[in-house]
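Q: sequence and predicted structure below; questions after.
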Amino acid sequence: MSKGSKSQINVGDATASFAPDTSAQASSDPTSNVQDLTVKHGGADVNRGALSEHLGDNEKASFPSDSAAIVKSKLIAPPQLVDPRDKDTWRLDPKSKGVTFAWAAESGAHGYHIRISRNQFLKGGMVAEERSWPHTEYVKNLEPGDYYWAVQSVGENGRESLASPINFVRVVQKGDTGATIVLEVDSLMQHGHVFEIRGHTEAGARVMVNGQEALVGPEGKFSHFTNPLPPGENLITITAQNTKGGYNIVPKTVNIQ
C-alpha cells in the first residue's frame, strides 16, 4: 500500500486495516484450519469480534478456528542482502566460476535458508538450496546466465522468517577481448520531458538506459521510457551486454526546451 492509501482485507472471520506503506501476506493452512496474517513491514490493526491487536514489522496474527482468540507472535526478520545487489552483473574470473552471495547477519538467527534459481519466483529451476547454512556468505560455481536468489533467517526450533526480497544477478564471463555486440537505436521519441527509446540488440542480451533496465523481447527488440529529464541538454546512455561478456554502448544527446 502506497502513502496515503487505505486498505482492508478479511482473513477468516477477522478484519485487518493497513497503514500506508505496508507490506503483508495472508495465508490459510487447510490441515490445521488456521488462518494467519503476517506484516513484513509497516502496520495493521486486526479485529476479531471484540478483540483487537496491532501488528508491526515481522509480526503475525493467527486465527484458530476452535477459538475466538487472536494469537500474536513475533517473527525473526529476514536478512538484508548485500552482494550481488539486485540487477548486478557478476563477471566470472577465468580461474574460477565461483559467485559469492553475501547478506547481513540477523539478530537471533541460528542459520540461513538460501535459494538460487533460474526462475524469478524461485519455483523450480533450482541450482542451489541450503536450509541451515551457518554463515553469511555462500559461494556457488555457476555457468553464465540469469539467476535469482533470496535468503531466510532460521531461528529457534528451525522456524524460518519470511523471505528477503528476491535479487536478480546476471553472471557473465570476464572476457579479455571486450567483444562488441549489436546495439541499434531505431527511434527516439519525445513526450514532454520523457523520451521513449526503441531499438534492437542480440537475443538474450540485457539492455540498460541511464542505469535502468529496459524491456527486451525474445528477439532482442527493446523499449524504454526514461524518467523525466530537466530542461537543457541531457545525455541518454544505452548499454547492452550478453552472458559471454560482450557489450556495446550508444550515447544519445537530447535537448529539452
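A: Sure, I can see it. Numbers count the residues shown, from 1 in each chain.

Q: quick one: buried residues of stretch 234-243?
A: For stretch 234-243, a neighbour-count test (16 or more other Cβ atoms under 10 Å) marks 234, 236, 238-243 as buried. Heads up, the C-betas are built off the backbone N, CA and C, glycines and all.

Q: likewise for stretch 98-111?
A: 99, 101, 103, 106, 109, 111.

Q: residues touching the residue of the chain most remote from its centre, list them.
A: The outermost residue of the chain, judged against the average C-alpha position, is A50 (38.4 Å), by Cα atoms, centre = their mean. Under the criterion of Cβ atoms under 8 Å, 6 or more residues apart in numbering, the contact list for A50 is empty.

Q: which residues of this protein score low on pLDDT?
A: The model of the chain has pLDDT under 70 over residues 1-6, 94, 97, 175-178.

Q: which secondary structure element is home to the nearest residue to T180 once chain neighbours are set aside?
A: Spatially, and ignoring its direct neighbours in sequence, T180 is nearest to N248 (5.2 Å; Cβ to Cβ, 6 or more residues apart in numbering). Per DSSP states H and E: N248 is located in strand 247-256.

Q: and that strand, what does it pack against?
A: strand 183-191, strand 194-201, strand 232-241 (3 or more Cβ pairs under 8 Å, 6 or more residues apart in numbering; DSSP states H and E).

Q: paired strands for the helix or strand just after the shortest one, with orientation please.
A: Which is strand 194-201. Using DSSP H and E, the helix or strand that follows strand 194-201 towards the C-terminus is strand 206-209. If you go by DSSP bridges, strand 206-209 pairs up with strand 212-213 (antiparallel), strand 232-241 (antiparallel).

Q: can you list the neighbours in contact with strand 206-209?
A: Here strand 206-209 has contacts from 89, 170, 183, 197, 199, 201, 213-214, 216, 222, 224, 226, 236-242, using Cβ under 8 Å, 6+ apart.

Q: go again using 6 Å as the cut-off
A: Residues from elsewhere that reach strand 206-209 (Cβ atoms under 6 Å, 6 or more residues apart in numbering): 170, 197, 201, 214, 216, 222, 224, 238-241.

Q: S153: which of these is nearest?
A: Distance to S153 across the contacts of strand 206-209 (Cβ to Cβ) is lowest for R170, with 26.4 Å.

Q: and that closest one, what are its bridge partners?
A: T89, D146.

Q: that one: neighbour count?
A: Residues contacting R170 under the criterion other Cβ atoms under 10 Å number 19.

Q: was I right to think it contacts Y147?
A: No. Counting by Cβ atoms under 6 Å, R170 does not reach Y147; the two are 7.8 Å apart.

Q: now the phi/psi pair for E156, please.
A: phi -60, psi 150 (degrees, to the nearest 10).

Q: which residues touch Q25?
A: Q25 neighbours (Cβ under 6 Å, 6+ apart): T38.

Q: tell me the contacts of the nearest residue to P231 once chain neighbours are set aside?
A: Excluding the flanking residues, the one nearest P231 by Cβ to Cβ, 6+ apart is I256, at 5.1 Å. Counting by Cβ under 6 Å, 6+ apart, I256 touches 193, 229, 231.

Q: and of these, the nearest to V154?
A: L229 (46.0 Å).

Q: got a list of what that closest one touches?
A: 193, 256.
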